[in-house]
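Asks: What follows is a predicted protein model with its sequence.
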Amino acid sequence: MQKMDAIYSLNPLNRLDQTRGNEADFKSRRGLDSSVFLLFNGNELLVHDETLCEFSGLQLKQYDMNVHDSVLLGELEGVNYFAISVEDNKNVATRDDDGNFSAHPLRKFPTRLFTEKNLYPEAKLGILAQAASVLNWHLSHTHCACCGEPTQIAHSGWRRDCPSETCGRQHFPRVDPVVIMLVTYGDQCLLGRGHQFPESRYSCLAGFVESGETIEDAARRELFEEAGVAGGDTHYLLSQPWPFPSSLMFGMHIEAKTQKLKIDYHEIADAMWVDKADIVKGLAGDESLPFILPPSVAIARNLLEIWVGDK
């Protein structure tokens, strides 16, 4: 099967991991007028006048933005990239004379602004996922998990330290591994509906990887738990950072041993086998079908496109 890049999987930054511990270097980079800052409110990206989402250090000084808790994302062509959560900066729109700031949910960002307005190149969308994931981690780890003390941001934003002399634990960002499965049986594939999906939306089955489990075992387990289908040959196809709040999606292909379904309705709302010909129609935008396929932002779309493109 031919591989293709999923949305948010391309990130050209040099992450500068070897210099993160140099506080002086971090502050120097952060203080440059030429440095680039991405502003987030949770999973909403702040955009100015529908045309600008990368703000220079000079602009943030004009907005009187607090950059103290910014995270160093990396460097690209001599320019340093940072991310900031605006929750601690109140409403940045009130700091701008024309008030033309707007917040855009990152789930809809690629299709709404990337494709329609060409606001951010596809080759850099992974930077947005990186920024959102690490900022989400900071927002959810404000206290030490060991002793409960408020933690302090450190290591250029890639660590939180407990200040307690009796604890002193260091906490690092984590990502949650998730398997998402293209399940096929001949020229049919298995699609499922989540309980929270929009009406008629169907997608590939998915689930979290458990401790002490390979991604292949997790994929077969989730398939059997959700749909009652035994999986055979299983292999990895592609991956996608998914910053909602901070996951890494592993796209897997499973050849099912049977088509008999035993759906766990606590896990999913529905599941059905779909002919490859109908998947082709759905990807082409055919609205007469009894299902709607996942949007281009989802790795499930990539998995289906890979399958129908396989001759």
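Replies: Everything's here; your move.
Asks: surely Ser56 meets Ser34?
Replies: Yes. Counting by Cβ atoms under 8 Å, Ser56 touches Ser34, with 6.4 Å between them. For glycine as for every other residue, the C-beta is placed from the backbone atoms N, C-alpha and C.
Asks: So which of these two has more stuff around it?
Replies: Counted by other Cβ atoms under 10 Å, Ser56 and Ser34 do not tie: Ser56 has more neighbours, with 16 against 11.
Asks: quick one: pLDDT of the more buried one?
Replies: With respect to pLDDT, Ser56 scores 95.
Asks: for it, which residues make a bridge with it?
Replies: Note on Ser56: beta-bridge partners by DSSP bridges are Val36.
Asks: list the contacts for it?
Replies: Residues near Ser56 by Cβ atoms under 8 Å, 6 or more residues apart in numbering: Asp33, Ser34, Ser35, Val36, Phe37.
Asks: what do you get if the cut-off is 7 Å, keeping everything else the same?
Replies: With contacts defined as Cβ atoms under 7 Å, 6 or more residues apart in numbering, Ser56 is in contact with Asp33, Ser34, Ser35, Val36.
Asks: of all the residues you listed, which comes closest to Asp233?
Replies: Nearest to Asp233 out of the contacts of Ser56 is Val36 (Cβ to Cβ; 44.8 Å).
Asks: residue contacts, that closest one?
Replies: Taking Cβ under 7 Å, 6+ apart, we find Val36 in contact with Glu54, Ser56, Val79, Asn80, Tyr81, Phe82.
Asks: quick one: buried residues of stretch 206-216?
Replies: Applying a neighbour-count criterion of 16 or more other Cβ atoms under 10 Å, one finds Ala206, Gly207, Val209, Ile215, Glu216 buried in stretch 206-216.
Asks: Kindly present the contacts of Ser56 as JSON lines, with separate columns for distance to Val308 and pLDDT.
Replies: JSON lines is the format used below for the contacts of Ser56 (distance: Cβ to Cβ, whole Å; pLDDT from 0 to 100):
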{"residue": "Asp33", "distance to Val308": "49", "pLDDT": "95"}
{"residue": "Ser34", "distance to Val308": "45", "pLDDT": "96"}
{"residue": "Ser35", "distance to Val308": "43", "pLDDT": "97"}
{"residue": "Val36", "distance to Val308": "38", "pLDDT": "97"}
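Asks: ok, back up a step: where strands are concerned, which of the contacts of Val36 count?
Replies: Per DSSP state E, strands hold the following members of the contacts of Val36: Ser56, Val79, Asn80, Tyr81, Phe82.
Asks: I'd like to know which of the residues you listed is nearest to Gly285.
Replies: Ranked by distance to Gly285 (Cβ to Cβ), the ones in strands among the contacts of Val36 are led by Tyr81 at 35.5 Å.
Asks: you'd agree Val297 is in a helix?
Replies: No. Using DSSP: H, G, I helix; E, B strand; the rest coil, the assignment for Val297 is coil, not a helix.
Asks: Would you confirm that it contacts Arg107?
Replies: Yes. Counting by Cβ atoms under 7 Å, Arg107 is a contact partner of Val297 at 6.5 Å.
Asks: okay, these two: which has more neighbours?
Replies: Val297 (21 against 16).
Asks: Would you quantify the distance from that one to Pro241?
Replies: Look at Val297 and Pro241: by Cβ to Cβ, to the nearest Å, they are 12 Å apart.
Asks: do Ile215 as well
Replies: Relative to Pro241, Ile215 is positioned 15 Å away (criterion: Cβ to Cβ).
Asks: residues contacting Cys147?
Replies: Contact analysis of Cys147 by Cβ under 7 Å, 6+ apart lists Cys162, Ser164, Cys167.
Asks: Give me the pLDDT value at the second one.
Replies: Here the pLDDT value assigned to Ser164 is 97.
Asks: Let's test this: what are the backbone torsions at it?
Replies: phi -70, psi 130 (degrees, to the nearest 10).
Asks: How many residues are close by it?
Replies: For Ser164, using other Cβ under 10 Å, the count is 15.
Asks: what about Val79, neighbour count?
Replies: 15.
Asks: Contacts only, for it.
Replies: Ser34, Ser35, Val36.
Asks: is Asn80 in a bridge, and if so with what?
Replies: Glu75.
Asks: so it touches Ser28, yeah?
Replies: No. Taking Cβ under 7 Å as the definition, Asn80 is not a contact partner of Ser28, at 9.3 Å.
Asks: which one of those two has more residues nearby?
Replies: For Asn80 versus Ser28, neighbours defined as other Cβ under 10 Å are more numerous around Asn80 (22 against 12).
Asks: so after the lowest-mean-pLDDT helix or strand in the chain, what's the next helix or strand?
Replies: Ranked by mean pLDDT, DSSP states H and E, the weakest helix or strand in the chain is helix 115-117, scoring a mean of 63. Per DSSP states H and E, the first helix or strand lying C-terminal to helix 115-117 is helix 125-140.
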